[in-house]
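Peer 1: Following is a predicted model, sequence given first.
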Amino acid sequence: MPRRRSRTTGPSVPADCPCGSGRTYTECCGPLHADTSRASTAEQLMRSRYSAFAVGDLVHLRRTWHPRTCPPDLQPDTATTWTGLEILAASEGTPFHREGTVEFVAHYRDASGPGRMREHSRFVRHEGAWVYLEALTD
């Protein structure tokens, strides 16, 4: 994946958005990471958070995590490379809702090889913006 320099999220970001939208990073998640735009839906925030993990943007992750549930010691996992995102389902979470959920599979590669993480995430509005609250358990 071609990469280019960025002033907003670290030394380099991908040309294509890691969230899998098919758009460029600067058209998709880049403005959310740069804090020049806000997510209008819970799914858009989920995609931007996945991309933030992929490019190592801890500032965006912390900013979009509900203060009640954000871990104080948030650190990047430099041994993990995020390789793809599949959105399985989204419920509510539109510009007209106060809560929403997104179920997804995040693909990655680490020292053990390829893997996948499946999660059903809950998002809420906090101070007018979508934030990640928690992973739901079945």
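Peer 2: That came through fine.
Peer 1: Surely residue 60 is within a strand?
Peer 2: No: assessed with DSSP: H, G, I helix; E, B strand; the rest coil, residue 60 is helix; it does not lie in a strand.
Peer 1: Contacts for the strand ranked longest in the chain next, please.
Peer 2: In the chain, taking DSSP state E as the definition, the longest strand is strand 113-126. With C-beta atoms under 8 Å, 6 or more residues apart in numbering as the test, strand 113-126 has contacts from 42, 45-46, 66-67, 83, 88, 93, 98-109, 130-136, 138. To be clear about C-beta, it is placed using only N, CA and C from the backbone, and glycine gets the same treatment.
Peer 1: Tell me where the chain has strands.
Peer 2: So, for the chain - with DSSP E - the strands run 3-4, 13-14, 81-92, 99-110, 113-126, 129-135.
Peer 1: buried subset of the contacts of strand 113-126?
Peer 2: Neighbour-count burial (16 or more other C-beta atoms under 10 Å) applied to these gives 42, 45-46, 93, 100-104, 106, 108, 130-133.
Peer 1: now, among these, which is nearest to residue 18?
Peer 2: Using C-beta to C-beta, residue 106 comes nearest to residue 18 of the buried ones among the contacts of strand 113-126, at 10.2 Å.
Peer 1: before we move on, the earlier item: each with direction, which strands does the longest strand of the chain pair with?
Peer 2: Strand 113-126 pairs in its sheet with strand 99-110 (antiparallel), strand 129-135 (antiparallel), by DSSP bridges.
Peer 1: Identify the residues contacting residue 97.
Peer 2: Going by C-beta under 8 Å, 6+ apart, the list of residues near residue 97 reads residue 42.
Peer 1: and the most centrally placed residue in the chain, what pLDDT?
Peer 2: In the chain, the centroid-proximal residue (C-alpha atoms, centre = their mean) is residue 49; its distance is 1.2 Å. Listed pLDDT for residue 49 reads 97.
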